[in-house]
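*Asks:* A structural model of the following input is requested.
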Amino acid sequence: MKIEIESTVALAADLYAAMERRLAIVRRRLGKPLTLADKVLAGHLDDPESQELDPGRSYLSLRPDRVVFQDVLGQSAMLQFMQTGRTRVAVPTTIHCDHLIQARTEGAADLSASLVESGEVYAFLRSAAAKYGCGFWEPGAGIIHQVVLENYAFPGQLILGTDSHTPNAGGLGACAVGVGGADAVEVIAGLPWEVLCPRHIAVYLTGELDGWAAPKDVVLYVAGQLTVSGGTNAIVEYLGPGARTLSATGKATIANMGAELGATTSMFPADERMARYLRATGRAALVPLVERHRELLVPDPEVEASPEKYFDRVVELDLSRLEPHVVGPHTPDRARPISHFAAEVRDPRNGFVDAISTALIGSCTNSSYEDMTRAADVARQVAAHGVKSAAPLLVTPGSERVRATLERDGQLESLREVGATVLANACGPCIGQWRRASEATRAPNTIVTSYNRNFPRRNDGEPTTMNFIASPEIVTALAAAGRLSFDPLRDSLAGADGTAFVLEAPAPAPEVPADGFELGRAAYVAPPESGDSVALAIDPRSERLQRLEPWPAWDGHDFTRLPILVKARGKTTTDHISPAGPWLRYRGHLDKFSDNMFSGATNAFTGETGESHGVSFAKVARSYKSLGTRWVAIGDHNYGEGSSREHAALSPRLLGGVAVVARSFARIHESNLKKQGLLALTFANAADYDRIRQDDRISLVGLAGLAPGKSVECRVEHADGTAETLALSHSFSASQLEWFRAGSALNALRRAR
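*Replies:* The predicted structure is shown next:
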């Protein structure tokens, strides 16, 4: 399979030469030892001589090496790129068809159904890729993050991806960051990428994993330590001797789930385990180059020797003492070791359901050859005693390359022997693309997964489902028992003859297959030399695709007497603001998709979900819009946590929103709001959130003087005739304020041409 715009030696050599030049300038300026993140970011600065480098305050202007789009945000991104007037992408770019394939019965049938149902979306993406010079990965090729790891990622790269789990490529030493579509569009249009200079967090690893403990348990433990917001505007670096004991795909699992910490990204230093994976995936020619430039791709020795001097926070973890962990339900930072879990399950105050309704392994987070070999080891032990999995077991291969290799080497057959169903090489249930029998979700039910995210409604669209996350081998063992309270390290199972047996810890698994990877079905389409003659496939009558029009510019006036569309209480992720599941089919048609706006948000005034006094928030917003009335949304802590889903900003913009005022924001969502010309504001005093009442009218005044670091005056008129003034903060830079004034970042881009 020929890949034209790949991670070639020439591309890597040019990158390392540029990094050396830029890094020399930054070293002279800073005069101190540097972390790995420092080096990679400095090596990509647009202007290393004058760039301000103040963590948490300065905005870095960077030149990414690659941009990757999944098919859902790829639609809106290509529709936005059409507005730029550019004819060719400025950096190597690929589009990956992985999100729209729904899990129903099994892989082949599900893929065939997807090709029919989403054919027009795939045709549009294929035509856009050809027209603008992007590589195109067809449906069935695999999940974007696994395909990027196998084909494109290498140490030191700066990769942007329109999916929050893009940091998966950190397993190969890349600085890979999840962004909204507008960020990515600006980069492929030739502009630098702007990001807040991140803080530094280190996870210092010693020892080596043993027994049941897996790389997944590392990040589950770290999630419990840092919480879902502890990594916000920070890069998490894993270092220490323990980091060098982990396989590249194990590192990728950890970096992937760094998104659940709110981190900008997670990274590992270059080492021999990465070199082993590069060789196994056909990129052996890169290894000598990486080794010659190793100094660029690891932290300075002083940093690893004394991390407490160079990081804002250091989490220490001895891998040899790490116990398997389980997190959930409903949030990935509710973590505990498995030895403590059974008591929690049996405690009626928690409301957990012990019976497991479905177990799911794989996904972009945990479907490597090593992962699946260990899960298959558990399955073989179960089958050897003549029994099958007590709970339905679904397996999602991460890529066609992994699937074909696991088929050849027997791991998938071992899983099928205990009753597993192998799904398509796609996101499937992890992203909510799971057509699940309704009877399974009528009452509270438990699923266990090796996925990365477990918010309510995330997997099957049902609030009754509780998702507990663990490693693939632990999930396979729990499936065999059919009970959440089962501890595979200590409890026994009954064989077909009634004899009790205890599962042994899976044997150490090879990081890469001894006989190499099978490529499987070819699924890559390279772009033509010129796309001038390519016509974009958009039917004006389509209900799946809709051309985008530029947003109107700010009219220069203050926003006065705005009604409050929604005051969201508690966890309000992008899944709550802009749910996926069955709505994914409309992600290329913004107007239709926006009917789901805030449908998962909890109304702080009434306790309703997705509505106010029985009327959906989307309908209320459309009513306001028809009257020419603009509105504001109020958010709680870490508002917009989770997916990079830019529709959570696009839909409010379309339906008349002008501002979101929250206690605090998650990084990607705050950026998405700014990119679409919305004001992202925070209460200077977080307790002022409680002062906002249902019938208030909000005025944001003095906007003509809006400037970096200057607070916004918020006048609140209560229905009882009283009023008060609150101070609102923001993180807009001077250039970002131009996005607001122009109406969007894309409008500002067009003005600058």
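*Asks:* what stretches of this structure score poorly on pLDDT?
*Replies:* In the predicted model of the chain, residues 1-7, 753 satisfy pLDDT under 70.
*Asks:* At the geometric centre of it, which residue sits there?
*Replies:* residue 164 (2.0 Å; C-alpha atoms, centre = their mean).
*Asks:* how much space is there between the residue lying closest to it once chain neighbours are set aside and residue 647?
*Replies:* Excluding the flanking residues, the one nearest residue 164 by C-beta to C-beta, 6 or more residues apart in numbering is residue 178, at 4.0 Å. Using the backbone N, CA and C atoms, a C-beta is placed for each residue, glycine as well. According to C-beta to C-beta, to the nearest Å, residue 178 and residue 647 sit 15 Å apart.
*Asks:* Neighbour count: these two, which is higher?
*Replies:* Comparing residue 178 with residue 647 by other C-beta atoms under 10 Å, the one with more neighbours is residue 647, at 29 against 26.
*Asks:* So the more buried one sits against residue 76, correct?
*Replies:* Yes. Using C-beta atoms under 8 Å, residue 647 makes contact with residue 76 at a distance of 7.0 Å.
*Asks:* joint contacts of those two?
*Replies:* When C-beta atoms under 8 Å, 6 or more residues apart in numbering defines a contact, the residues bordering residue 647 and residue 76 alike are 587, 590.
*Asks:* Let me know the secondary structure of the residue nearest to the centre of the chain.
*Replies:* coil (DSSP: H, G, I helix; E, B strand; the rest coil).
*Asks:* And for residue 567?
*Replies:* The local conformation at residue 567, judged by three-state DSSP, is strand.
*Asks:* so what's it up against?
*Replies:* Counted by C-beta under 8 Å, 6+ apart, residue 567 has contacts 603, 604, 605, 633, 634, 692, 694.
*Asks:* Nearest to residue 254, out of those: which one, please.
*Replies:* Nearest to residue 254 out of those is residue 633 (C-beta to C-beta; 34.0 Å).
*Asks:* for the one helix or strand that closest one maps to, packing partners?
*Replies:* Per DSSP states H and E: residue 633 is located in strand 631-635. Under the contact definition 3 or more C-beta pairs under 8 Å, 6 or more residues apart in numbering; DSSP states H and E, strand 631-635 sits against strand 559-567, strand 657-662.
*Asks:* so how far is the helix or strand immediately after that strand in the chain off the chain centroid?
*Replies:* Note on strand 631-635: by DSSP H and E, the next helix or strand toward the C-terminus is helix 647-654. Relative to its chain's centre, helix 647-654 lies at 19 Å (C-alpha atoms, centre = their mean, to the nearest Å).
*Asks:* likewise stretch 662-671?
*Replies:* Counting by C-alpha atoms, centre = their mean, stretch 662-671 is centred 15 Å from the centre of its parent chain.
*Asks:* Show me which residues of it are buried.
*Replies:* Across stretch 662-671, burial judged by 16 or more other C-beta atoms under 10 Å covers 662, 663, 664, 665, 666, 667, 668, 669, 670, 671.
*Asks:* So which of the residues you listed belong to helices?
*Replies:* Secondary structure from DSSP state H places 667, 668, 669, 670, 671 of these in helices.
*Asks:* wait, the third one sits on residue 572?
*Replies:* If I follow you right, that is residue 669. No. Using C-beta under 8 Å, residue 669 is not in contact with residue 572; the gap is 9.6 Å.
*Asks:* Now for those two: what residues contact both?
*Replies:* Shared contacts of residue 669 and residue 572 (C-beta under 8 Å, 6+ apart): 639, 640, 641.
*Asks:* can you put the residues you listed in a markdown table and add distance to residue 375 and neighbour count?
*Replies:* Below are the shared contacts of residue 669 and residue 572 laid out as a markdown table (distance: C-beta to C-beta, whole Å; neighbours: other C-beta atoms under 10 Å):
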| residue | distance to residue 375 | neighbour count |
| --- | --- | --- |
| 639 | 36 | 29 |
| 640 | 34 | 29 |
| 641 | 29 | 29 |
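*Asks:* Residue 187: which of the residues you listed is nearest?
*Replies:* So of those, ranked by how close each gets to residue 187 (C-beta to C-beta), first place is residue 640, at 21.2 Å.
*Asks:* Would you check how far apart that closest one and residue 647 are?
*Replies:* Distance from residue 640 to residue 647, by C-beta to C-beta: 12 Å.
*Asks:* just residue 326 next, same as before
*Replies:* From residue 326 to residue 647 the distance is 31 Å (C-beta to C-beta).
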